[in-house]
Structure formats: structure tokens, C-alpha cells
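# prediction below, plus the sequence it came from.
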Amino acid sequence: MKNKELNSIIDSADHAAIVGNYDEADRLVNEVLAVLDASPSLSAEEHRDEALLRAKILYITAHSTMKRSNFELALEQAHTVLAVNQEFPLGDVLPKVRNLIGVLYQKLGMNDNALKYCIDALADCEALGDKTGIAMTMGSLGGIYDDLGLYDKAFEYLTSALNLHLELRNTSRIANTTMNIGILHYSLGSYDKALDFFTQALAIHSEVDDKSGISDVLSCIGNAYVNLGFYDKAMENYSTALATYELIGDTSGANLVRGNMGHVYLNLEQFDKALEFFRKALARHETLGEKYYIASVIGNIGYVYSIEKFEGYDPIQAEMHLLDAVALSSAAGAKSLLLHWYKTLADVYEKEKRDAEALSFFKKYIELKDELNIADVKKRDEIREQQNTILLAQARTQATDEILANILPPTIVERLIKGEKKIAETLENVSVLFIDIVGFTKMSGLIPAAELIDLLDVIFSRFDSICKKHGLEKIKTIGDAYMAASGAPIPCSNHAERAAFAAFEMLEDWEIDRQFSTEIDLDFRIGLHTGSVVAGIIGENKYSYDLWGDAVNTASRMESHGEPGKIHVSEEFLKKLLMVNGEWLMEEADDFSSFTINNLPLTTNNHSSLIINNLPLTIIPRGEMEIKGKGTMNTYFLESK
């Protein structure tokens, strides 16, 4: 089997590990190992290739080991892969390994090391131009900064990661990053907002049947519901998460859910059930050597025994478990846990009339509480400040999207967001409309500047509405002139009909709903032409979508050579207008005579507003006329009653 085929199998194993299908990942990895073991290397090049393949396999194994919650072993395996790089450069595998090591250090609570490796991984990805790697590493950094309480930086990195994954259409990672943004909002106490992101992530994970992702996000949803006081919904999600974790062999994930379910039963005063889940979680945490969680669960068991409402109330059991929890929490530096156990022990000793011991632990509780309160106040201030920063960033992002939507066509906005730097294309069949205000120069000298701006706002807003109704795209305004196009940026077969109907409506009588210092008598000239245009984006800081070409110039000439209150069109536009569904509405002739069509059967392309029956359309020839810059042309007026 060739290296290309083996690499393809390894890529499949990597994907299987990412989506939590560890058995399939193991099967594929073993398949490649069997081939390598049966084909000993002969040359130096073959030895190098084999070493790199084995490094990739060990990286996937380390990833699977991490997902199975054996973080120390996974870290050892990942460092072994990294050591290979000293003899055989790992290429694009190197940043993946460094990122994995960073994530493992984070899970082990060693965030300084985690930052170092992930920052190095990000630099590697940027040097390689690896967008997928950049997005993955930014997501990892976002999670680390969340753990560190640097929520503004966490939001910055997670948002950048999500945008890149969306651009790359990487479904599983879109879901993971969406969930991590939800976790960030959860850290900030915004549980409703967190739930929105968790729900979005669950839908995406479910679509691709990513069991690892499904179980993680269900656990997060359960946590959010607990904090919102919906215990039934919390338990429903926890139960499904637990079953899925057990199915894929994620022991640590399953343990955390068991502990969370124990807390829900505790809140519901179902003490026997709480103890059952705490004990199951404890046994598995001890197997994995997870010291922080061992301290937490042992303390919770002691707390249950200290509750007098519990039929199994046992102060001796409570004292024993709580003292163990104090020792373990102290060793782990878990001060928040320690605070709770000090207070619970003081309460137990007080109930048992052991006043000296009660006073001793109560003093420890007060001293630690004061210490933590100082840090907590500072932390709350930092969180409040970072919440404001995040909200401001979100508001800016929303405002930017809204501004882009107002100045650019939606399809162009989408292409820019996806990373296109240069947008330029030729559109063969476009109808261009120009309309200007007759006598605008004279009018501008009769009314104050503020009123003139108000008048233009009223007129152009009306034109915007008409264009939207008939499917035209506003291109720009130039002084008192307004330019729009039909068939750009999205081509359509009935662009001439749309432009004609928009022009007819623009000339309809209408009343101005604002008062001006002098009487306003408005009249307009309209020009229409059909042809090929070049369309695209210009500018770097102030984007503008524009059209260029002879069709634009000719439409402008139709408007400037027209007459007040009339629609002046070229012969090319007229022919396109009269060609409906591939058939002429009249016999084609070299010279159109004046006539009326009583029914123009327009095609609609799902624009129901364009379905108009029995439209009387009158075509009035102007004959040959000299058009500046174009020479002699046959042109026409369109009228409609």
C-alpha cells in the first residue's frame, strides 16, 4: 500500500477521533500499523516516511487518549510525537501536536504551559498559511483565556475562530467553537445567552452525528438549566449526556455529569440518590487520579451526611469525609472548595456541641472568606469590565453587518465576509436605470440646505423602496441622479421587465409628507438601456459596489437626452422588453411604429409583486437622434396608463 493511501487512512482516523468515533479511529490506525510492521524500511527516505506516518498515528492516539480523559498519558504521547520533529520535520503535523499539548496542559490546570504551546502552534499555522490550523488554535487560546478569566481576549479569539470555521465550512469545529462561546457566556453568568449558543451547537453536532460533541454540549445545557432553576430539563439533558459519554468511553465526561446529577438530587432533597451519584463519580475519579474532583466529591458526600433532614444523617461520616476533603483541597490549592468544607465542618461541630473545634474551623472560614472576598470583588469588577467590552464588540459587529447590508448587495457582503479580497465579474445581460430631478439646480437655490437634504432623502428613500419591490439593486446617487440595475449582482431573465415596472412606478404621482418653506413641484427624467457590464467592489476602507461599461454610459445618455416625465429607452432595451419567454410580442421590425400592447405577460422569478395583468404599454418612436458619445441611435419613449 502506497504512502498516499496510508495517509488517506490516517486522515480518516483523525476525523473519526475528532467526532468521537474512537473504535473506528483505533481500527484505522491499527490497519496502517499492520502495513508498516509488515513492510520494513529499506532506504533512508523510506525510513523518514515511515517515521512521519508513525508520528501521525501517535498524534491520533494521543488525541483519542485525551478524549478518553487520560490526560497524563496523552501528554506523554504528544511529547513523543514532538520529539520526532528534531530528526524528521513534521510539517503541517507540528502545529497540531503543539496545539494538542497546549490543550492537555489546560486540562491539567497548567495554563501558563498551555498558552506557550498554543501560541507557538498559532505561529506555525500562520507561517504555513493553514487556515484550519489557525482557527483550531485560536479556539484553543479562547478556551485558555476563558479559564484564566480574561474574557475579552477569550471572546476575541473564539469569534475569530468561529468566523474562520464558517468560511471553511468545517461543521464539527463550527459546533465546538459555538459551544465554547456559550461556555464563555456561562462563565460571565449570562445563562440564557449561553443556552442559545449551546442549542445552536447541539443542532450542528446532531446533524453530523458527532457523539463526543453531542455529549459535551448536552452536559453544558444541563448546567445552564440548573442555574436557571429548571431541574427537570437539566436532568433530561444530563441523562442523555451520560448515556452518550458511556457509549463512546469518555469516562471523565461521564464522571462530571454524575457529579452534576448528584448536585441536582441534592437541591431536590433526594439525598439517597445524591449519595448514589456522588459515590459512582468518586470511584471513577479515583481510578483516573483526578485530585480536584476527588476532593470535590468527597466533600459533597460529607455535606450530605451533615444534613439533619437526611434520614441517614451521620455526623461521624460527615466529619470523616469533610476532613479528607479539607486535606485534598488544601493539597490541590482549591480554596473555593476549602471555604465550603470549613463552613460545613464548623456547622457539624456546632450541632455536636464541640465548641472549640467549631470555633476553630469557623475562624478558618472567616479568614479564607475575607481573603477570597477581596479577590472576588476585584474579579467581579474585571468581569463587569470585560462583559462591557464583549457587549461593545458584539454591538460593533452587529452595526458593521447592518452598515454593510445597507451599502452593499447581500450576496456581495457574504462574499466579503468569506474572505474574497477582490470581487470583479462581467454580467452579460443587465438593465441599467438612471433617473434625475428636472430643474434641480434651480430648486437648490430656492430652499435652505437642510430642506434640500430632507427633500433628497424623501425622494431617494422612495426610489429605494420601489427598487426593492421590483428586484432592482440601487448602485449609487450622483448629485440629484439615482442609478439602479436589474440583473446585477444576481442575474435574472426578466431584468428589462423589472426595470420598466420600477420606472413606471417612479413616475407615478405621489404626495410629499413633509413641509417645506416653498412649494415643491417635482418632475423626473428616466433613461433605460440593456447590455453587458463589469461589476465589482472598489475601495479598501470605504467599500462601494459599482458597474462600468458601455451599457452604463448609454443608460445615462438615455436619461440626459430624455424629456421631463418620460421614460427614454434604447432599442436594445425595447427588444429585450418585448422578448418574453423566447417569443416576440409583435413581429420584429427595423423600425418600431407607435403601438399599444394591452397585455404584457411578465415572467416573475418568484417576485409575486411583478405579476401584473392587462398592462397597457405604449411605445412611441423618437426616430433617429444624435446621442453624445454614441452617434446616431433609434430611441423610444415608454408610456403606461
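That came through fine. Predicted model, so just to flag it, every value in this text is computed and none were measured.

# the stretch 451-600 of the chain: helices as residue ranges?
495-506, 550-560, 571-578 (DSSP state H, counting those that start in this stretch).

# now do the contacts for the residue nearest to Phe434 when sequence neighbours are not counted.
Leaving out its chain neighbours, the residue that sits closest to Phe434 by Cβ to Cβ, 6 or more residues apart in numbering is Glu559, at 3.8 Å. The C-beta positions use only the backbone N, C-alpha and C, and glycine is treated the same way. Residues near Glu559 by Cβ atoms under 8 Å, 6 or more residues apart in numbering: 434-436, 481, 525-527, 568.

# in JSON lines, list those residues along with distance to Thr632, pLDDT and neighbour count.
Shown next, in JSON lines, are these (distance: Cβ to Cβ, whole Å; pLDDT from 0 to 100; neighbours: other Cβ atoms under 10 Å):
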{"residue": "Phe434", "distance to Thr632": "21", "pLDDT": "95", "neighbour count": "26"}
{"residue": "Ile435", "distance to Thr632": "25", "pLDDT": "95", "neighbour count": "24"}
{"residue": "Asp436", "distance to Thr632": "24", "pLDDT": "93", "neighbour count": "20"}
{"residue": "Ala481", "distance to Thr632": "25", "pLDDT": "91", "neighbour count": "17"}
{"residue": "Arg525", "distance to Thr632": "21", "pLDDT": "94", "neighbour count": "22"}
{"residue": "Ile526", "distance to Thr632": "22", "pLDDT": "96", "neighbour count": "27"}
{"residue": "Gly527", "distance to Thr632": "17", "pLDDT": "95", "neighbour count": "28"}
{"residue": "His568", "distance to Thr632": "15", "pLDDT": "94", "neighbour count": "26"}
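
# what's the least confident stretch among the helices of the stretch 451-600 of the chain?
Comparing mean pLDDT over the helices of the stretch 451-600 of the chain, the weakest stretch is helix 571-578, at a mean of 87.

# from the contacts of Glu559, which land in strands?
When DSSP state E is applied, these are split such that 434-436, 481, 525-527, 568 fall in strands.

# let's have the residues you listed in JSON lines, adding distance to Ala25.
Converted to JSON lines, the ones in strands among the contacts of Glu559 look like this (distance: Cβ to Cβ, whole Å):
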{"residue": "Phe434", "distance to Ala25": "62"}
{"residue": "Ile435", "distance to Ala25": "64"}
{"residue": "Asp436", "distance to Ala25": "67"}
{"residue": "Ala481", "distance to Ala25": "64"}
{"residue": "Arg525", "distance to Ala25": "70"}
{"residue": "Ile526", "distance to Ala25": "66"}
{"residue": "Gly527", "distance to Ala25": "65"}
{"residue": "His568", "distance to Ala25": "69"}
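
# could you work out the most separated pair of the residues you listed?
The most widely separated members of the ones in strands among the contacts of Glu559, counting by Cβ to Cβ, are Ala481 and His568 (14.0 Å).

# helices along the stretch 301-450 of the chain, start to end?
315-332, 335-351, 355-407, 410-417, 440-444, 449-470.

# just give me the closest of the contacts of Glu559 to Gly629.
Checking these one by one against Gly629 (Cβ to Cβ), the nearest turns out to be Gly527, at 13.4 Å.

# in this structure Lys96 contacts Thr132, no?
No - in terms of Cβ atoms under 8 Å, Lys96 does not count as a neighbour of Thr132; the distance is 9.6 Å.

# neighbour-wise, which of the two wins?
Lys96 (25 against 15; other Cβ atoms under 10 Å).

# distance from stretch 510-519 to the middle of the chain?
46 Å (Cα atoms, centre = their mean, to the nearest Å).

# would you put the C-alpha positions of it in CSV?
Extracted as CSV, the C-alpha positions of stretch 510-519 are listed here (Å, rounded to 0.1, in the frame of the first residue of the first chain):
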residue,chain,number,x,y,z
TRP,A,510,-47.3,60.9,-5.1
GLU,A,511,-47.5,63.3,-2.2
ILE,A,512,-44.6,64.5,-0.1
ASP,A,513,-45.4,64.0,3.6
ARG,A,514,-43.0,66.8,4.8
GLN,A,515,-43.5,70.6,4.8
PHE,A,516,-41.1,72.9,3.0
SER,A,517,-40.7,76.6,3.0
THR,A,518,-41.7,76.8,-0.7
GLU,A,519,-43.9,74.8,-2.9
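
# quick check: mean pLDDT of it?
pLDDT averaged over stretch 510-519 gives 78.

# other residues contacting that stretch?
446-448, 451, 454-455, 458, 462, 520, 522.

# let me have these in CSV, extended by distance to Thr244 and neighbour count.
Output for the contacts of stretch 510-519, formatted as CSV (distance: Cβ to Cβ, whole Å; neighbours: other Cβ atoms under 10 Å):
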residue, distance to Thr244, neighbour count
Leu446, 75, 14
Ile447, 70, 16
Pro448, 70, 11
Glu451, 67, 17
Asp454, 61, 16
Leu455, 64, 21
Val458, 59, 16
Arg462, 57, 14
Ile520, 69, 16
Leu522, 67, 15
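
# next SSE after the worst-scoring helix or strand of the chain on mean pLDDT?
The helix or strand of the chain with the poorest confidence is strand 595-597; it has a mean of 47 (mean pLDDT, DSSP states H and E). Note on strand 595-597: by DSSP states H and E, the next helix or strand toward the C-terminus is strand 617-627.

# what angle do that following strand and helix 550-560 make?
Following axes from the mean of the first three to the mean of the last three Cα atoms, to 10 degrees, one obtains 100 degrees for the angle between strand 617-627 and helix 550-560.

# give me the buried positions along strand 617-627.
Neighbour counts over strand 617-627 (16 or more other Cβ atoms under 10 Å) mark 617, 619, 621-622, 627 as buried.
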